[in-house]
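> the sequence and its predicted three-dimensional model are supplied below.
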Amino acid sequence: MKKLLLVILISSLGTGTTLTFLSSHWLMAWIGLEISTLAILPLMAQYHHPRASEATTKYLLIQACATGVLMFATAFNAWMEMGWNITEIKNTYAIILAMTALAMKLGLAPFHFWLPEVMQGLDLMTGLILSTWQKLAPFALLIQISQPVPPYVLTALGIASTAFAAWGGLNQTQLRKILAYSSTAHLGWFIIVIQYSPGLTLVALGIYITMTMAAFLTLMESSSTKISTLSTSWSKNPLMMVTLFLVLLSLAGLPPLTGFAPKWYVLEELTKQDMALPASMIVMTALISLYFYVRLCYFSIITLLPNSTMVKMSWRQKSKQDKITLATVTMAALVLLPIIPSIMALLHFFN
């Protein structure tokens, strides 16, 4: 892809998401969502592979369906309540339809089945954009309309997302599918607490994006897309595999890594809201998710082939990407835990 076209598409992605962030009118938010969707489609289909074309088609159909449902919900609310303001959506049917549309766009259960199949047909960089940047605009709208939503709806979405994603990721051998299920599971943690603490949700989303960037960039550096490829990468670049091991454990939420902080604060907030049963349920599903993260760790650094691989040493290979970006997001994904309480304290101070 030519650099000029790539710059235009990336700029369109940023413009669409920013427009949704700044919108108070449903029509402008819808325009921002459509700009982001149309901008990522050429990036998804740029390699002209049948799987990439299939993934692009699936993504287009799902996003078009979700956008149609969202426009119908907002038009119905405007007809009943005489208002197009995002925060003034009051009609119960319109709220549920809008929640359904945004859940479909984000890949929340039970509307998550498209996400692993689409991720499987993409290259790692486009998968990174789909897992991180493309979730920001729908999540911004979800935060704004979450207050009038019945709490049991958000709780059901959160538990279903963590449970289905945990079970779905158990039997996978494709790393992109595993990261897609990981995305759905993490979003389940965020959605269950979004109504009670939006600030905590934003901090948790930022930490998730950092950890996912670290995971994708590490896989790009090692050129790994399958578990079988991952198991032969130790002899090529041991340091990178140790880094991937720690990033995966951070995604699993094990202390003392950064990923432990959002799960701890979500459980604390649920306990404050007298929601001990939902908190226990998502902890149980987190244990299932921990299994497939540890499985990846096992294949990345513990298993070795019985014979040596005839490959060049990593210091002879050409650099695949900017090491400064990789080092920055990796350190943030691993060692930010001590400063998370300070960030939460600042949020409470400004609120």
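Yep, it's here. As the structure is a prediction and not an experimental result, all values here were calculated from the model.

> count the neighbours of Pro238 for me.
Using other C-beta atoms under 10 Å, Pro238 has 12 other residues around it. Glycine gets a C-beta too; all of them are placed from N, C-alpha and C.

> what's the pLDDT at it?
Looking at Pro238, its pLDDT reads 78.

> next, count neighbours for the residue nearest to Ala137 when sequence neighbours are not counted.
What sits nearest to Ala137 in space, not counting adjacent residues and going by C-beta to C-beta, 6 or more residues apart in numbering, is Thr20, at 3.9 Å. Residues within reach of Thr20, counting by other C-beta under 10 Å, total 24.

> tell me how far the residue lying closest to Ser233 once chain neighbours are set aside lies from Phe111.
Spatial nearest neighbour of Ser233, chain neighbours left out: Ser222 (4.6 Å); criterion: C-beta to C-beta, 6+ apart. Relative to Phe111, Ser222 is positioned 32 Å away (C-beta to C-beta, to the nearest Å).

> now Leu337
32 Å.

> check Gly259 too.
Distance from Gly259 to Phe111, by C-beta to C-beta: 25 Å.

> which of those two has more neighbours?
Between Gly259 and Phe111, counting by other C-beta under 10 Å, Gly259 is the more crowded of the two (27 against 22).

> phi, psi of that one?
The phi/psi pair for Gly259 (degrees, to the nearest 10) reads phi -60, psi -10.

> can you pull the contacts of the closest residue to it other than its chain neighbours?
Spatial nearest neighbour of Gly259, excluding adjacent residues (C-beta to C-beta, 6+ apart): Ser250 at 3.9 Å. Counting by C-beta atoms under 8 Å, 6 or more residues apart in numbering, Ser250 makes contact with 211, 214, 257-260, 333-334.

> of these, which pair is most distant in space?
Maximum pairwise distance among the contacts of Ser250 (C-beta to C-beta): 15.1 Å, between Ala214 and Phe260.

> and those two? Which one has more around it.
For Ala214 and Phe260, the more surrounded residue by other C-beta under 10 Å is Ala214, and the numbers stand at 28 against 18.

> for the record, mean pLDDT for stretch 252-264?
According to the model, stretch 252-264 has a mean pLDDT of 91.

> buried sites along that stretch?
252-254, 257-263 (16 or more other C-beta atoms under 10 Å).

> between the two ends of stretch 229-242, how far is it?
16 Å (C-alpha to C-alpha, to the nearest Å).

> how far is that stretch from where the chain is centred?
25 Å (C-alpha atoms, centre = their mean, to the nearest Å).

> do stretch 39-50 as well
The answer for stretch 39-50 is 20 Å, by C-alpha atoms, centre = their mean.

> check which residues of it are buried.
For stretch 39-50, the neighbour count (16+ other C-beta under 10 Å) marks 39-40, 43-46 as buried.
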